[in-house]
Structures are given as structure tokens and as C-alpha cells.
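Enquirer: output the structure for:
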Amino acid sequence: QSVTCVESKPFEFDDEELNLISKLFQSADVPTAPTVKPTTERNPEKFASLFHTKDRDFTRIRDRHRNQRNRLRERAKKEEEEEKSNQRSRGSSFEDDEVETPVSTSSFRNRGSSLFRNSGESFDDEDKSVDEQFNRHKNQRNRLRERAKKEEEEEKSNQRSRGSSFEDDEVETPVSTSSFRNRGSSLFRNRGESFDNEDKSVDEQFNLRSRGSSFITDNQDENIIKKTRKSPLKPIKCQANNELHANPQNCRKYFKCDNGSPSVQSCPSNLIFDSSLSVCNFPYAIECEEDPDAVLPELGSSDRHPPNTRKSSSNFDNANFDDETPFFVFPEPPTPSPDQGSVPSEREALEREIFLTDEYPLFKKVKETVRTLDTEEVEDIRPKRKENPDNVKRVEFILSEDNYEELFPRRHSSFTYTRFIQAIGIFPSVCSYAGREEDSDAICRKTLATMFAHFTQETGGHNPSDKEYDEWRQGLSSVREQGCTDTSPGCDYNDNCEDKDSITNKWACGKDRSGKWKKYYGRGAKQLSYNYNYGQFSQAMFGDGRLLLDHPDFVADTWLNLASATWFYATPQPPKPSMLHVIDGTWVPNGEDRRNGIKPGFGATINIINGGLECNTEDGRESNQARNRIEYYKQFAWYLYVDYEDEELGCASQQQFSAGGAGALPIYWDKDWSSPYSCKLVNYQTAHSALVQGEYIDCVEENFKVTVRKK
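Expert: Next up, the predicted model:
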């Protein structure tokens, strides 16, 4: 059967038919389009946070941003072609020694989630033009290319003049950059889509030199402390109360003057007394010589001079960087009233505590940064849960569960994403709202990059032969200090448990069934160590210091393994500020800090964690451990869109934080010799934290041997 194909012809109307149709439409009652009401009237409270974007009508915005994204794709494609052309003309890959080390980027599925805070088909803020964002970053890239080209020409010139390859000791170790799908224009990528990005590779591979431990061993302590014999020293005499004097026979012990008489005190087991700063310091930071023939003071060995009134300062400078006036000024103690000669009641002591803490403007801010969420609320936190705290939602927006798994593929099974966001949720100040969503996100991104870099140094696999994952992605691989268990020999971290000083008594070590001391070796993402850290962390989490002192392995087996790291991140340790205050800008270096070479940036956080071992090097170069941390930070910063170009990354020229620095906050209680049955705020560590309500009473009861709290 044959089929005939007939080509259709377009139907055409003649003039008469067209006129008839026109008349019909004119006479017909054709409905007109309804008037569209303006969508600019919105409830401002509903849109105070970008978490409410789901309630918005994006109809008009969608079309505008779709066009903008098309322009971005065209520009990204054009830039990619230009970049390839530039690479061919230069004959080498782009490298900028002064600004940034190339980062290792082995095919990520979704780098750092999206940069801009949107939902659904993802739109930019109405008050911010994507064109301006793109042009700004385009200009930055152009400046980098010009600088790289100029430096490349200078390098070739230097090589020809010297006849050898140029080498700069101060340049950071370059890191490998395998191909990535999500680079370049991915900076402007929103949720739900991604652009094709330029692949980037370099010839040199990531080469980390040495990793070293962050903790001081007993053998190291013995190597630092020198035992010498000198001529007998003169007896120590107390000139004023609260004076601190070194013990010439024992570097770990010192004398504290109380009412004209010296009493023996002990530093924690991993520290020795630093007479120049009057604090317990790391052994590597100072030199200590023990003299077995030194004359020690006897009880009452004093010339009985009346105690001098001592003023201390807490050293947070005003906003003016050049102003040397401390932010905190300790007022003269009030003149004791007649009733102060008697033991205060519990109510009077609590009122006194409130009065003293209200004297200092930043005290409430510091206390707010260490505020914790109730444990029941923390355990309810789950990924994508609508009721999650706002700071957890911010972290989920910046770092999805897929991102977390991508960054830590070698992690221990105990370090789950759920436990990570629970660790964030326990401290509402971490990744909190900072006045603007854009600023809040930027601080949170830097917070995560900082924490992850230190996680990797403390718990990383440090395996350069791993062919699948680079070293910076080997973090969180161990939940306990390597080689340490509750039954293994060594790794005790309890040799100070028999000491009788105030801090050891406050955080008394627990015992196992056989009567031996519990072991407080490193556990968790921060490798929490020693009884006094376990006790303080336990009190911050549960209001009970005994819980983790009696059950230290909870820090390894529960969500506390990551919460211990956020606690360390958010808690100040005078004279050191908290890492949180360094990152969010609360801490501003004063004159003392500047003289010590300490500046804001990632380098200051290294100083906080392990400055005695890793900073202030003799040759002015970064230590191996610090160099590792810096390289890891650069990698995580790249992944999370953190700009570190103008940041102080290292600490080789930084001395340790001192008692006159801006981080020496008055957040501890000690005996007030000028007022009977009273304690005062001090900017050095004692057994009684002013950040914990009621510890003022503990200070009074311990120092004056009285009972204030009702049983």
C-alpha cells in the first residue's frame, strides 16, 4: 500500500476576513488582566533574618537573577578562555608566592556549599548587585595575574644574573592543586546549581616537613630544667601580699605571700614557674635552674611590712589602637563597713559577687561567650531539623553533611556530623549573629577554617604516602592520644594528682576500682589533657566538675569529643584571650601585645594553643608544627571562601601572651587582703572562676576557713 505525502501550506486570511475578525474582538467583552499589587510591602520582622527566605515571593526576582546568572556564565567562560590563553603565553601555571599558596583540590562534589545565603533556586540579596560582586573579584584576580607575571619576570631575571635557581626561604610550601569542577566562578554559585569552573594544576606537590606533638612530655621537662649548685641564696622575704617568688630548689613550685608569710604552691605538672611573668609557663618558653643548696623561707620569714595596696588592670584596650589606657580599671576597694568584720551570710556574699562583676563593662560579654545550652536541647540537635538553634543553622548553611564528609574522609567513626553540629550548638556564641548576615557568615567561615586546621594538626593521620587523600583531609582520625588506653602503661597524665595546691584540690583526680588514679591523657578533637582541664570542662557542660573527672572517657565516646574543642575555642585563659575573641575581633592588641609582636590573625590562635613550643623561634622561621597548621588553614580557608591575604598567619616572631596584654581578663577570684571575708577579681588563673556563679563563696570559704553557704 502506497502512501502519498502532501506538503501543508500556511493558511492565509484575505482582507475582508481580517476586518471581520477585528470587529468581533472590538465588540467582545474581553476580560483585562488584573492589576498586580506591588510586592514591596513586606513584614520587616519576617525578613530580619535570611532564614525566612522561604516566605518570600521570588517571582519577579527569579527572572532578574536568571538573566544575571546567564551573564555570569558567559563571563566565566570568557575568563576561562583568557586564563588558558595567558597560561599558554607564559608557558607555566599561575603562582603567587606573596599572596597565596595553591591549594590541594582533588575533585570536590560541592565545595563549601554556597557562598551567598539563599534558598530554593538561590537568589542574591536585593540590596547587592551580582555585577558588583563579580567585578570586584574579577579585579582582584586581574591584580593577582599581573603581580604573578611581574614576579615571574623578576625571577627569570634573577636566575640569569645568578646562574642558579631562585630560592626564597620565607615563601610558604606550595600545595598541590589537582583538577576541580567547582573553582573560579564557583565563588558566586548558589544552592541547587553550579557553574563549570576552570581546572587548575601545579607541578609541585604538597610537601609537609614534620609534624611533632603538641604536648610536653616528662622527658622534655627534664631536659629543660637544669640542676646546678650555686652559693646559698638569701631567704625570701614577703614585702606585700600576693607576691609570688620562685622556689629555687624546685622549678614546678613557687611561694605565695599571704599576710606576710610565704606558702608553697605548685604549678600544673606540665608547667614550671616563670618568675619574670609571675605565672606558670611552658618549660620551653623559659630556662629554669634548680639549686639544691638554696635557702628556703620558713613560716613567718617576713619583715612584717604592712601589705601595699596593689592595683591590677585587665588590659582590654579601648577602640583606639594607640591608646595605652586599659579598658578595665580596678577601682580602690570600698572602705569596710563595721558589719564586714563578720562572716557574710550567703545572700550578702552573692550580692557582693554581683556588685564586683558589674564593675567591669566587658565581664558580661565574656560571660555570654561561654554560656552553654542545656544538655537536653543539645542532644535534640539533628541535621536539617527546623528547631535547631540559629548558630547551628548558620553552620549547616555554610557546611553541609556532604561537605563535612568530604573534608574528613579519614575521620574516626565517632566524629559524626551530628556530633559536630551539637558541639556548635552547645555554645550559642560560636557562629552567632554579628549584626549583619554577611558579617556573621564571614566570621563563621573563618571560625570553621581555624578549628579544622587545629583539628587536623592534633588528630590528623599525617601520612604523606596516602595516595587517596592529602594530609589536610586526614583530620579527626584518632579520638584518643595515639598509643594510650586506660590499661596501657604510660600515658597517665596524673602525676600531679597527689599535689595539695588549690587547683589540684579543686579538680581532685578520680580513682579506679583498684585505687589507682584515673588517666587524663588526650581525648577528643582537641586532645583534652590533665585533670584540671577535665574538671573545668565538666563544670562548663554539666555544672558538675566531678562527672568527667570520674568518667574521663566520656570525652572520647560521646558528643563531648567535639564539644571539648569548641569549649577550648570559646573560653579565655588569662593572660591569653579566647580564640573566639581573636577571630570575631573582640580582642584588640594593646601596647604590651604589640611589643610582644602579637597581631590578630590565625598566628595568634597558634600562640594560644601551643605558643610555648611553636612560636617565638630562634631563627625567625615558623616551626614545623606551626607550618603544618598554616598550610592546613590555607586549604580549609580556600574551601570555605575565607580571605586570608591580609592576615597574620604565623607566630615565629610572637612572644607569649603576658600579664600586661589585652587578654588578661579579670575572670578569677582570689583573696582580698584589704577587706575581711572578701575576694576580688584578678587577671590570673586560680581555682575559682568568676564566670561560674557561686564561686565567689567558694573563694571566701577556702581562703578564710569559714562556712558561708547554707548546708
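
Enquirer: what comes up buried for the strand or helix carrying residue 505?
Expert: Per DSSP states H and E: residue 505 is located in helix 502-506. For helix 502-506, the neighbour count (16 or more other C-beta atoms under 10 Å) marks 502-504, 506 as buried. Where C-beta positions appear, they are placed from N, C-alpha and C, glycine not excepted.

Enquirer: of all these, which comes closest to residue 554?
Expert: Among the buried residues of helix 502-506, residue 506 lies closest to residue 554 (C-beta to C-beta), at 19.7 Å.

Enquirer: excluding sequence neighbours, find me the nearest residue to that closest one.
Expert: residue 687 (3.9 Å; C-beta to C-beta, 6 or more residues apart in numbering).

Enquirer: that neighbour is in contact with residue 535, isn't it?
Expert: No: counting by C-beta atoms under 8 Å, residue 687 stays clear of residue 535, with 9.7 Å between them.

Enquirer: pretty sure residue 378 contacts residue 424?
Expert: No: in this structure residue 378 lies outside contact range of residue 424 using C-beta under 8 Å: 9.8 Å.

Enquirer: just want to know which of the two has more residues nearby.
Expert: In this view residue 378 and residue 424 are compared by other C-beta atoms under 10 Å, and residue 424 has more residues nearby, 28 against 21.

Enquirer: mind checking pLDDT for the more buried one?
Expert: pLDDT for residue 424: 97.

Enquirer: immediately after whichever strand or helix holds it, which helix or strand?
Expert: Per DSSP H and E, residue 424 falls inside helix 417-425. Counting by DSSP H and E, the next helix or strand C-terminal to helix 417-425 is helix 437-459.

Enquirer: which other helices and strands contact that next one?
Expert: With contacts defined as 3 or more C-beta pairs under 8 Å, 6 or more residues apart in numbering; DSSP states H and E, helix 437-459 has these neighbours: helix 390-398, helix 560-570, helix 579-584, helix 602-614, helix 624-639.

Enquirer: give me the angle between it and helix 417-425.
Expert: 120 degrees (axes from the mean of the first three to the mean of the last three C-alpha atoms, to 10 degrees).

Enquirer: what mean pLDDT would you report for helix 437-459?
Expert: On average, helix 437-459 scores 95.

Enquirer: identify each buried residue in it, please.
Expert: 437, 440-459.

Enquirer: follow-up on the earlier one: what angle do the helix holding residue 424 and helix 560-570 make?
Expert: Using the same axes, to 10 degrees: helix 417-425 against helix 560-570 is 30 degrees.

Enquirer: what packs against helix 417-425?
Expert: Using 3+ C-beta pairs under 8 Å, 6+ apart, helix 417-425 sits against helix 375-379, helix 390-398, helix 401-407, helix 560-570.

Enquirer: can you list the neighbours in contact with the shortest one?
Expert: In other words, helix 375-379. 389, 422, 425-426, 541-542, 559, 563 (C-beta atoms under 8 Å, 6 or more residues apart in numbering).

Enquirer: what do you get for the longest one?
Expert: Under the contact criterion C-beta under 8 Å, 6+ apart, helix 560-570 has outside partners 369-370, 378, 414-415, 419-420, 422-424, 426-427, 429-430, 447, 450-451, 454-455, 479, 523-526, 528, 537, 540-541, 548, 554-555, 578-580.

Enquirer: run the angle between that helix and helix 602-614 for me.
Expert: Per the same axes, to 10 degrees, the angle that helix 560-570 makes with helix 602-614 is 100 degrees.

Enquirer: what residues sit buried inside helix 560-570?
Expert: 560-570.

Enquirer: the second one now?
Expert: Neighbour-count burial for helix 390-398 flags 391-398 (criterion: 16+ other C-beta under 10 Å).

Enquirer: same question for stretch 365-383: list its buried residues.
Expert: The neighbour-count check on stretch 365-383 (16+ other C-beta under 10 Å) flags 366, 369-370, 372-373, 378, 381 as buried.

Enquirer: again, but for stretch 531-544
Expert: So for stretch 531-544, counting by 16+ other C-beta under 10 Å, buried means 531-541.

Enquirer: contacts for it, please.
Expert: Contacts for stretch 531-544 (C-beta under 8 Å, 6+ apart): 268, 370, 372, 375, 426, 493-494, 496-497, 503-504, 506-509, 518, 520, 528, 545-549, 552, 555, 560, 563-564, 567, 571, 689, 692.

Enquirer: secondary structure class for residue 265?
Expert: The local conformation at residue 265, judged by DSSP: H, G, I helix; E, B strand; the rest coil, is strand.

Enquirer: quick one: it and residue 504 touch, right?
Expert: No: counting by C-beta under 8 Å, residue 265 does not reach residue 504; the two are 10.2 Å apart.

Enquirer: hmm, back to that, overlap in contacts, residue 687 and residue 535.
Expert: 506-507.

Enquirer: please name the residues that touch residue 473.
Expert: Counting by C-beta under 8 Å, 6+ apart, residue 473 has contacts 104, 406-410, 635.

Enquirer: for it, give me the pLDDT.
Expert: 96.

Enquirer: what do you get for residue 489?
Expert: pLDDT, read off for residue 489, is 79.

Enquirer: pLDDT (mean, whole number) over the helix or strand where residue 154 lies?
Expert: Assessed by DSSP H and E, residue 154 sits inside helix 130-162. Averaged across helix 130-162, the pLDDT comes to 66.

Enquirer: and residue 248, how far is that from residue 268?
Expert: 20 Å (C-beta to C-beta, to the nearest Å).

Enquirer: between those two, who's got more neighbours?
Expert: The residue with more neighbours, out of residue 248 and residue 268, is residue 248; 21 against 18, by other C-beta under 10 Å.

Enquirer: next one, pLDDT for the nearest residue to that one once chain neighbours are set aside please.
Expert: With sequence-adjacent residues excluded and distances taken as C-beta to C-beta, 6+ apart, residue 248 is closest to residue 294, at 3.4 Å. Here, the pLDDT recorded for residue 294 equals 70.

Enquirer: try residue 324
Expert: Reported pLDDT for residue 324: 45.

Enquirer: going forward, the N-terminal residue is numbered 55.
Expert: Understood, numbering begins at 55; the last thing we discussed is residue 378.

Enquirer: now do the strands in the stretch 505-654 of the chain.
Expert: Counting by DSSP state E, counting those that start in this stretch, one finds no strands in the stretch 505-654 of the chain.

Enquirer: can you show me the helices along it?
Expert: Along the stretch 505-654 of the chain, counting by DSSP state H, counting those that start in this stretch, helices occupy 556-560, 585-596, 600-604, 608-611, 614-624, 633-638, 645-649.

Enquirer: quick one: buried residues of the last one?
Expert: Right, helix 645-649. 645-647.

Enquirer: out of those, which comes closest to residue 706?
Expert: Nearest to residue 706 among those is residue 647, at 16.3 Å by C-beta to C-beta.

Enquirer: how close does the closest one sit to residue 420?
Expert: With the distance defined as C-beta to C-beta, residue 647 ends up 17 Å from residue 420.

Enquirer: likewise for residue 128?
Expert: Counting by C-beta to C-beta, the gap from residue 128 to residue 420 is 51 Å.

Enquirer: swap in residue 718?
Expert: 12 Å.

Enquirer: so where's the stretch 105-254 of the chain shaky on pLDDT?
Expert: 105-120, 122-123, 140-192, 194-195, 198, 202, 209, 212-254 (pLDDT under 70).

Enquirer: redo that, cut-off 80
Expert: Low-confidence segments of the stretch 105-254 of the chain (pLDDT under 80): 105-127, 129-130, 133-134, 136-254.

Enquirer: ok, back up a step: so the helix holding residue 478 versus helix 444-452, what angle?
Expert: Using the same axes, to 10 degrees, helix 471-479 lies at 130 degrees relative to helix 444-452.

Enquirer: ok, now which ones touch residue 406?
Expert: Residue 406 touches 398, 732, 750, counting by C-beta under 8 Å, 6+ apart.
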